[in-house]
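Asks: Kindly generate the corresponding structure for this input.
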Amino acid sequence: MLMSFIPACGQCRWCSSGQSYLCDNGAYTMRGPQLDGTFRVHDKKSNDVGQFCLLGTFSEYTVIPDISAIRLDPAYDMTKVCIVGARSRPVSAPL
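Replies: Numbers count the residues shown, from 1 in each chain. This next block holds a predicted model:
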């Protein structure tokens, strides 16, 4: 599974025209809550914590929208896929 910091709904005019990088849902990535308006992460005082680009890639566990998840064929070379995955982080890991 690869996480995309730009969700792609597959239904808006941008996704339908092959320009999923402009998906309407991408406008919500910097707000903090998930696309349904709820927060899935909370601090010790139960305050809501936003996930940058809906992902929370630096946390041990995370919940992401299904439209941000990209299923990978197990036949792919995972050493190469991991490099692509690192580049999808909001702050890219050194390569």
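Asks: quick one: W14 is in a strand?
Replies: No. Counting by DSSP: H, G, I helix; E, B strand; the rest coil, W14 is not part of a strand but helix.
Asks: Would you check how far apart it and I64 are?
Replies: 20 Å (Cβ to Cβ, to the nearest Å). All C-beta atoms are positioned from the backbone trio N, CA, C, and that covers glycine.
Asks: just D24 next, same as before
Replies: The value you get for D24 to I64, if Cβ to Cβ is used, is 18 Å.
Asks: quick one: which of those two has more around it?
Replies: Per other Cβ atoms under 10 Å, whichever of D24 and I64 has more neighbours is I64, with 21 against 13.
Asks: L55 is in contact with the more buried one, correct?
Replies: Yes. Look at I64 against L55 with Cβ atoms under 8 Å: they come within range, at 5.6 Å.
Asks: Now the common contact residues for those two.
Replies: Shared contacts of I64 and L55 (Cβ atoms under 8 Å, 6 or more residues apart in numbering): M3.
Asks: In the protein, what residue spans correspond to helices?
Replies: Ranges of helices in the chain, per DSSP state H, are 13-16, 78-87.
Asks: so where's this structure shaky on pLDDT?
Replies: Applying pLDDT under 70 to the chain picks out residues 82-95.
Asks: The same query, at a cut-off of 50, please.
Replies: Flagging of the chain using pLDDT under 50 yields the residue ranges 86-95.
Asks: M1 - how many residues pack around it?
Replies: Residues near M1, counting by other Cβ under 10 Å: 9.
Asks: Just give the number of residues close to C12.
Replies: 16.
Asks: ok, so what distance separates the residue lying closest to it once chain neighbours are set aside from A8?
Replies: Excluding the flanking residues, the one nearest C12 by Cβ to Cβ, 6 or more residues apart in numbering is D24, at 4.2 Å. Using Cβ to Cβ, D24 is found at 10 Å from A8.
Asks: how about the strands in this structure?
Replies: 2-3, 41-42, 48-49, 69-70 (DSSP state E).
Asks: neighbouring contacts of stretch 48-61?
Replies: 3, 5-7, 28-35, 39-43, 62-65, 68, 88-90.
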